[in-house]
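Visitor: Output the structure for:
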Amino acid sequence: MSFFLPKLTTKKDIDEVIKVVAEKVLVLRFGRDDDSVCLQLDEILSKTAHDLSNMASIYIVDVDKAPIYTRYFDISYIPSTVFFFNGQHMKVDYGSPDHTKFVGSFKTKQDFIDLIEVIYRGAMRGKMIVQSPIDPQNIPKYDLLYHGI
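Guide: Numbering: from 1, shown residues only. All right, here's what the predicted structure looks like:
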């Protein structure tokens with residue numbers, strides 16, 4: 001399903017989209033096209049892209065083609081989804097120590113839609129961190145890996 005979503009393949013492409021997407025939530029899905037969990041997430045993203053087009057722009061980023069951003073956001077598990085609004089990195093409190101990205105796939109389309117709506121409304125009010133509306137049972141749990149500590 002990822003062929004329905006635009007792909008960013010270089011750092012320059014990613015930088016440009018972060019700069020130009022305005023008044024919308026920018027969704028960057030980091031992963032690989034051949035990973036089964038990434039494909040599951042891509043299906044949710046592609047099915048909701050049209051419904052959320054007034055609030056969000058969704059892009060796919062291959063972790064192997066954008067290693068600088070993979071390191072910057074500490075993408076240890078794929079898929080990982082990062083959110084921006086007007087060039088600012090949006091953080092979400094999922095009830096885990098890492099507020100910088102969502103790791104794994106959303107359980108339902110509605111979970112993703114609800115999250116985008118909360119990020120959008122929070123960002124429009126000037127918030128840089130928002131509380132996740134997703135049921136904690138629907139949030140995948142991972143142990144954080146800290147490299148080089």
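Visitor: averaged over its residues, what pLDDT does stretch 106-126 have?
Guide: The predicted model gives stretch 106-126 an average pLDDT of 95.
Visitor: and the lowest-mean-pLDDT helix or strand in the chain, which strands flank it?
Guide: Scoring the helices and strands of the chain by mean pLDDT, DSSP states H and E places strand 102-103 at the bottom, with a mean of 90. Strand pairing for strand 102-103, using DSSP bridges, gives strand 80-85 (antiparallel).
Visitor: So which residue is dead centre in the chain?
Guide: If you average the C-alpha coordinates of the chain and look for the closest C-alpha using Cα atoms, centre = their mean, you land on residue 81, 2.4 Å from that point.
Visitor: contacting residues around that residue?
Guide: 27, 28, 29, 30, 41, 101, 102, 103 (Cβ atoms under 8 Å, 6 or more residues apart in numbering). Quick note: C-beta positions are derived from backbone N, CA and C, even for glycine.
Visitor: partner residues bridging the last one?
Guide: Same thing as residue 103. Each beta-bridge partner of residue 103 is listed here: residue 80, as defined by DSSP bridges.
Visitor: how close does it get to residue 50?
Guide: Between residue 103 and residue 50 the distance, using Cβ to Cβ, to the nearest Å, works out to 25 Å.
Visitor: More neighbours: which of those two?
Guide: residue 103 (22 against 8; other Cβ atoms under 10 Å).
Visitor: residues touching that one, list them.
Guide: Taking Cβ under 8 Å, 6+ apart as the contact definition, residue 103 lies against 77, 79, 80, 81, 140, 142.
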